[in-house]
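Participant: no FASTA, just this:
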């Protein structure tokens with residue numbers, strides 16, 4: 001049961017990825033008492049996930065080894081007496097008036113009151129459904145990376161990578177270096193369009209250099225890159241045995257007669273990322289539609305303060321930007337929060353703001369290069385499940401839309417979409433795309449699901465308190481005569 005008197009801290013940070021760790025280190029070095037919370041077993045987030053292997057001598061591919069080492073150097077900063085790192089701890093609710101976070105961790109349910117809160121919860125990978133997308137062997141590209149980083153395991157042998165964005169090529173290089181066979185990379189954007197929009201990165205030589213280096217490695221390995229294509233169908237009965245890819249038109253709609261079949265046992269997907277905004281949403285923080293990435297994110301001012309006093313957001317939570325943006329924004333949020341508490345952080349906030357704006361500009365250019373196109377919704381034929389938790393099909397969703405549904409919060413009670421264990425994290429963006437496509441409404445007019453506590457499943461006693469175990473049950477007569485009560 002949540003105690004009446006919460007624990008206290010000066011700065012509470014939710015999410016121990018790049019932004020959260022950077023914020024904690026800057027604030028602690030300024031003299032703040034920092035509590036860093038993360039639901040995972042270790043800090044680092046998905047980008048700086050550290051190996052859990054116990055045996056020494058395991059050799060990681062060069063690209064992964066470099067990433068792991070960078071993360072190790074960042075995480076070393078957490079060895080500061082002012083930082084209380086609490087892993088395996090879920091923040092499932094927030095009270096914005098008192099700046100109280102409600103936690104569920106190894107010691108049970110409790111509350112934590114802070115003078116400042118920084119949300120840095122990261123993002124989720126976006127997926128677009130197609131026949132067979134729920135087969136074993138279909139995973140997200142980020143999921144494949146995590147298996148490589150954490151366990152040193154390949155999730156398959158022969159891979160197809162499909163979707164849109166730079167992660168596809170990076171993940172393909174990492175899989176190649178780990179010994180995988182890559183059948184093809186299927187990129188949604190046509191080659192001419194890709195090259196035209198790539199000019200927006202001119203002058204940002206680090207990003208261009210990374211992309212060129214990845215393409216060179218793929219070219220040397222003779223990995224086909226199919227521009228202007230999409231995955232149309234996964235083949236197999238109990239697991240993936242192949243995939244059908246197709247060319248797409250300018251709107252992303254598959255072109256009949258362009259099918260090609262590939263023999264693969266694993267399909268890795270990525271159509272970009274969606275900011276994790278549930279906790280800021282519960283706190284009442286204003287949201288905005290990020291046209292560069294086609295998703296809602298948490299609105300902040302130049303100091304990364306949200307519309308709610310005392311609450312900040314940094315990294316992907318306030319808009320997709322990548323690790324470089326997350327690190328800069330974490331430092332800035334940590335410095336500003338510490339300064340507001342009367343401390344003197346050893347950092348130049350003006351310079352940080354300038355670097356952050358520059359990094360955001362580059363991220364925005366990348367987002368414009370890899371849009372999700374509405375024609376992809378045609379792949380989700382009526383029999384394709386779009387809400388995996390509740391087993392709701394695209395046909396059921398379209399039937400509700402024909403009856404007048406135009407928002408996700410209307411669709412939820414009608415069909416139960418978004419009411420499963422993932423609470424709309426996977427299906428929410430899929431449904432927004434389908435509703436916009438079917439109704440003709442602009443994507444920004446389709447609001448995400450309203451975030452509600454608990455943001456992830458927790459035990460009932462952690463929300464409402466433990467039930468006394470008397471060992472004796474009696475029937476209680478409600479209307480219609482049902483129910484059990486303890487006496």
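Facilitator: Structure received. Owing to the predicted nature of the structure, the values given are computational and were not obtained by experimental measurement.

Participant: how much space is there between residue 166 and residue 278?
Facilitator: Distance check for residue 166 against residue 278: by CB to CB, to the nearest Å, it reads 26 Å. In this view, the C-beta of every residue, glycine as well, is placed from N, C-alpha and C.

Participant: equivalent analysis for residue 48, please.
Facilitator: From residue 48 to residue 278 the distance is 22 Å (CB to CB).

Participant: is it true that residue 341 touches residue 116?
Facilitator: Yes. Using CB atoms under 8 Å, residue 341 is in contact with residue 116, at 6.8 Å.

Participant: show me whatever sits in contact with both of the two.
Facilitator: Listed as contacting both residue 341 and residue 116 by CB atoms under 8 Å, 6 or more residues apart in numbering are 10, 11.

Participant: out of the two, which sits in the busier spot?
Facilitator: Set side by side, residue 341 and residue 116 show more neighbours around residue 116, with 25 against 16, by other CB atoms under 10 Å.

Participant: against which helices or strands is the helix or strand that contains that one packed?
Facilitator: Of the helices and strands defined by DSSP states H and E, residue 116 is found in strand 108-119. Helices and strands touching strand 108-119, by 3 or more CB pairs under 8 Å, 6 or more residues apart in numbering; DSSP states H and E, are strand 7-14, strand 34-37, strand 100-105, strand 311-313, helix 322-340, helix 460-464.

Participant: who has more neighbours, residue 166 and residue 278?
Facilitator: Just comparing residue 166 and residue 278: by other CB under 10 Å the higher neighbour count belongs to residue 278, 26 against 18.

Participant: can you classify residue 280 by secondary structure?
Facilitator: helix (DSSP: H, G, I helix; E, B strand; the rest coil).

Participant: need the nearest residue in space to it, chain neighbours excluded.
Facilitator: Leaving out its chain neighbours, the residue that sits closest to residue 280 by CB to CB, 6 or more residues apart in numbering is residue 298, at 4.4 Å.

Participant: next, the contact list for that neighbour, please.
Facilitator: 119, 275, 277, 280-281, 285-288, 306, 313, 317-319 are the contacts of residue 298 under CB under 8 Å, 6+ apart.

Participant: swap the cut-off to 10 Å and go again
Facilitator: Residue 298 makes contact with 119, 121, 275-277, 279-281, 283, 285-288, 304, 306-307, 311-314, 316-319, according to CB atoms under 10 Å, 6 or more residues apart in numbering.

Participant: write the PyMOL selection for whichever of those are buried.
Facilitator: If you want just the buried ones from those in PyMOL, going by 16 or more other CB atoms under 10 Å, the selection is:
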select buried, resi 119+121+275+276+277+279+280+281+283+285+287+304+306+311+312+313+314+316+317+318+319
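
Participant: can you give me the strands for the stretch 351-487 of the chain?
Facilitator: Secondary structure of the stretch 351-487 of the chain, counting by DSSP state E, counting those that start in this stretch: strands at 385-387, 392-393, 473-475, 484-486.

Participant: where does the prediction get shaky in this protein?
Facilitator: 1-4, 53-58, 197-208, 465-487 (pLDDT under 70).

Participant: domain ranges for it?
Facilitator: Here the domain parsing of the chain from automatic domain parsing is 7-124+274-347, 127-271, 380-445.

Participant: of all those domains, which one comes closest to residue 462?
Facilitator: domain 7-124+274-347 (3.9 Å; CB to CB).

Participant: so how far is that closest one off the chain centroid?
Facilitator: How far domain 7-124+274-347 lies from its chain's middle: 14 Å, per CA atoms, centre = their mean, to the nearest Å.

Participant: show me where the stretch 201-350 of the chain has helices.
Facilitator: Here the stretch 201-350 of the chain has its helices, by DSSP state H, counting those that start in this stretch, at 205-220, 278-282, 322-340, 349-369.

Participant: possible to save those helices as JSON lines with distance to residue 400?
Facilitator: What follows is the helices of the stretch 201-350 of the chain, written out as JSON lines (distance: least, CB to CB, whole Å):
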{"stretch": "helix 205-220", "distance to residue 400": "41"}
{"stretch": "helix 278-282", "distance to residue 400": "23"}
{"stretch": "helix 322-340", "distance to residue 400": "36"}
{"stretch": "helix 349-369", "distance to residue 400": "30"}
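
Participant: out of these, which one sits most buried?
Facilitator: helix 322-340 (a mean of 26; mean count of other CB atoms under 10 Å).

Participant: now that one and strand 7-14, what's the angle there?
Facilitator: Counting by axes from the mean of the first three to the mean of the last three CA atoms, to 10 degrees, helix 322-340 lies at 150 degrees to strand 7-14.

Participant: tell me the contacts of residue 439?
Facilitator: For residue 439, the contacting residues are 401, 402, 404, 405, 406, 407, 445, 446, by CB under 10 Å, 6+ apart.

Participant: same thing with residue 279?
Facilitator: Contact analysis of residue 279 by CB under 10 Å, 6+ apart lists 14-15, 91-94, 101, 117, 119, 121, 285, 298, 311, 313, 317, 451, 453, 455.

Participant: over to residue 265?
Facilitator: Neighbour list for residue 265: 136-137, 155-160, 181, 183, 236, 239-243 [criterion: CB under 10 Å, 6+ apart].

Participant: out of those residues, the closest to residue 192 would be?
Facilitator: residue 160 (23.0 Å).

Participant: residue 171 is in contact with that closest one, correct?
Facilitator: No. Applying CB atoms under 10 Å, one finds residue 160 not in contact with residue 171, separated by 11.6 Å.

Participant: which neighbours do these two share?
Facilitator: Shared contacts of residue 160 and residue 171, counting by CB under 10 Å, 6+ apart, come down to 182, 185, 268.

Participant: what about stretch 81-91, start to end distance?
Facilitator: Start-to-end span of stretch 81-91 (CA to CA, to the nearest Å) is 23 Å.

Participant: one step back: looking at the helices of the stretch 201-350 of the chain, which is nearest to residue 23?
Facilitator: Minimum separation from residue 23 across the helices of the stretch 201-350 of the chain (CB to CB) falls at helix 322-340, 3.5 Å.

Participant: and the closest one, what other elements does it pack with?
Facilitator: strand 7-14, helix 18-29, strand 34-37, helix 62-75, strand 108-119, helix 205-220, strand 311-313, helix 349-369 (3 or more CB pairs under 10 Å, 6 or more residues apart in numbering; DSSP states H and E).
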